[in-house]
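Visitor: just the structure for this:
(one chain, ligands or ions: 2)
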Amino acid sequence: MALLVHLPGLDASPWVEGFRRALDGYPVYGDDDIVPRSEVRYLFAWKPAPDAFEGLDNLKAIFSLGAGVDALLRHPNLPDVPIVRFVDADMTQSMSDYVIAQVTMHHRLISRYQAHQRAKVWTQLYPPPATDIAVGIMGLGVLGEDAARKIKMLGFTVNGWSRTPKSIGGVVSFAGAESVPDFLAATDILVNLLPLTEETRGILNTKTFKGLRRGKLPGGPVVVNAARGGHQVEADIVAALEDGTLGAASLDVFEIEPLPKTSPLWTLPNCYITPHIAAVSNEANGVRYFSEMLTAHERGEPLANLVDRGRGY
Ligand code: NDP
Ligand code: OXD
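Guide: Numbers count the residues shown, from 1 in each chain. Ligands and ions are numbered 1, 2, ... in the order given. This next block holds a predicted model:
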């Protein structure tokens with residue numbers, strides 16, 4: 001029996017040491033160790049390498065460092081074992097913080113005041129009341145639901161779009177592909193918190209942007225993407241920011257990460273870039289969560305927060 005920590009491209013040592021402390025005697029290996037691969041029962045992973053699963057013949061479960069499991073599900077040699085994704089109150093709070101920061105920044109026209117400040121212009125612009133502005137959240141799962149509730153508490157009108165209908169206090173629920181036009185037509189600030197699946201890839205495109213409500217938010221509708229770069233068609237975002245289809249965009253994730261220096265997104269004045277930090281997995285919480293999961297599973301208890309491979313999230 002053993003746990004293998006496989007985090008290519010990241011510094012895995014704090015996680016390996018954390019798991020060793022928390023699991024007290026249970027064998028924990030990192031990729032740099034000589035790993036007895038047939039003894040590995042649990043794999044803790046993020047963006048697995050092509051040979052990540054080779055020789056793991058006794059694997060019982062995969063633990064995902066991230067809430068999103070698209071990189072795992074894309075792996076051509078993914079073994080048929082349960083996948084547990086990371087669900088964590090601090091991560092949820094961080095994502096809601098990020099969404100609140102972007103939504104309130106765009107609502108209060110801070111982007112326009114920044115341009116005025118650079119030009120030393122004193123012009124009073126009046127943002128509409130929050131109640132007149134509708135925030136549309138795509139994805140009402142663990143992260144989207146919390147963000148929706150908190151944005152609602154700030155006074156905004158909140159629309160939510162999901163696969164199945166939801167009942168979240170004061171949030172207008174739109175469900176399924178057929179409801180997209182109505183959802184967009186009622187939305188000024190579009191926030192994406194969907195998982196990346198075959199159905200959601202490329203969803204942030206010209207057609208979507210043109211479907212958003214115009215006339216309420218000075219400068220035009222806004223898109224906030226904190227989910228995955230694969231959701232956005234970056235050429236369409238650039239064009240929409242340049243021709244006024246979008247007033248602004250806040251992007252935390254990109255088609256290619258790190259965002260290449262040649263990307264025009266870097267220099268567009270109405271594009272707000274952060275380097276995939278909206279909600280980073282907290283190491284102490286992650287070690288506790290997955291150690292407890294592993295220990296309970298070894299006692300014969302069921303795993304929680306399992307990925308549904310059929311749905312893709
Ligand atoms: P969940 O699995 O809890 O929620 C997913 C939501 O998306 C559900 O409401 C689901 O609907 C909805 N959904 C899925 N497919 C569709 C579809 N085809 N049409 C409409 N709705 C759909 O995910 P989380 O909230 O935990 O995380 C969301 C994503 O956020 C992650 O997958 C990850 O990519 C991203 N993320 C980004 C981070 C960052 O730092 N930038 C950090 C953490 C996560 P239903 O409820 O009906 O099933
Ligand atoms: C995640 C992420 O999916 O950080 O958790 O992107």
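
Visitor: close to ligand 2: what parts of the stretch 1-150 of the chain are there?
Guide: Within the stretch 1-150 of the chain, the positions near ligand 2 by CB under 6 Å from any ligand atom are 66-68. Any C-beta I mention is one placed from the backbone N, CA and C, and that applies to glycine too.

Visitor: quick one: the closest residue to H6 other than its chain neighbours from D97, how far?
Guide: In space, and not counting its chain neighbours, H6 is closest to A45: 4.6 Å by CB to CB, 6 or more residues apart in numbering. Computed with CB to CB, to the nearest Å, the distance linking A45 and D97 is 27 Å.

Visitor: looking at those two, which one has more neighbours?
Guide: A45 (24 against 14; other CB atoms under 10 Å).

Visitor: residues touching that one, list them.
Guide: 6-7, 52, 62-65, 72 (CB atoms under 8 Å, 6 or more residues apart in numbering).

Visitor: just the ones of these in strands?
Guide: 6, 62-64 (DSSP state E).

Visitor: using TSV, please lay out the residues you listed together with distance to ligand 1.
Guide: Listed next are the ones in strands among the contacts of A45 as TSV, based on distance: CB to the nearest ligand atom, whole Å:
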residue	distance to ligand 1
H6	19
I62	15
F63	15
S64	10
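
Visitor: wait, which of these is closest to L303?
Guide: Using CB to CB, F63 comes nearest to L303 of the ones in strands among the contacts of A45, at 9.1 Å.

Visitor: need the strands for the stretch 151-300 of the chain, in chain order.
Guide: 157-162, 171-175, 189-192, 222-225, 248-251, 271-273 (DSSP state E, counting those that start in this stretch).

Visitor: what pairs with the shortest one, parallel or antiparallel?
Guide: When you say that, I think you mean strand 271-273. Here strand 271-273 has these sheet partners by DSSP bridges: strand 248-251 (parallel).

Visitor: then the strand it pairs with to PDB, C-alphas only?
Guide: Extracted as PDB, the C-alpha positions of strand 248-251 are listed here (Å, rounded to 0.1, in the frame of the first residue of the first chain):
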ATOM      1  CA  ALA A 248     -14.200  44.600 -20.700                       C
ATOM      2  CA  ALA A 249     -13.000  41.100 -19.700                       C
ATOM      3  CA  SER A 250     -11.400  39.700 -16.600                       C
ATOM      4  CA  LEU A 251      -9.500  36.500 -17.400                       C
END
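
Visitor: and the closest residue to A284 other than its chain neighbours, which of the three is it?
Guide: Counting by CB to CB, 6+ apart, A284 lies nearest to G18, which is 7.1 Å off, once chain neighbours are set aside. Under DSSP: H, G, I helix; E, B strand; the rest coil, the three-state class of G18 is helix.

Visitor: re the thing from before, now the strands of the stretch 151-300 of the chain as CSV including distance to ligand 1 and mean pLDDT?
Guide: Listed next are the strands of the stretch 151-300 of the chain as CSV, based on distance: least, CB to the nearest ligand atom, whole Å; pLDDT from 0 to 100:
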stretch, distance to ligand 1, mean pLDDT
strand 157-162, 4, 98
strand 171-175, 7, 98
strand 189-192, 8, 99
strand 222-225, 8, 98
strand 248-251, 10, 98
strand 271-273, 12, 97
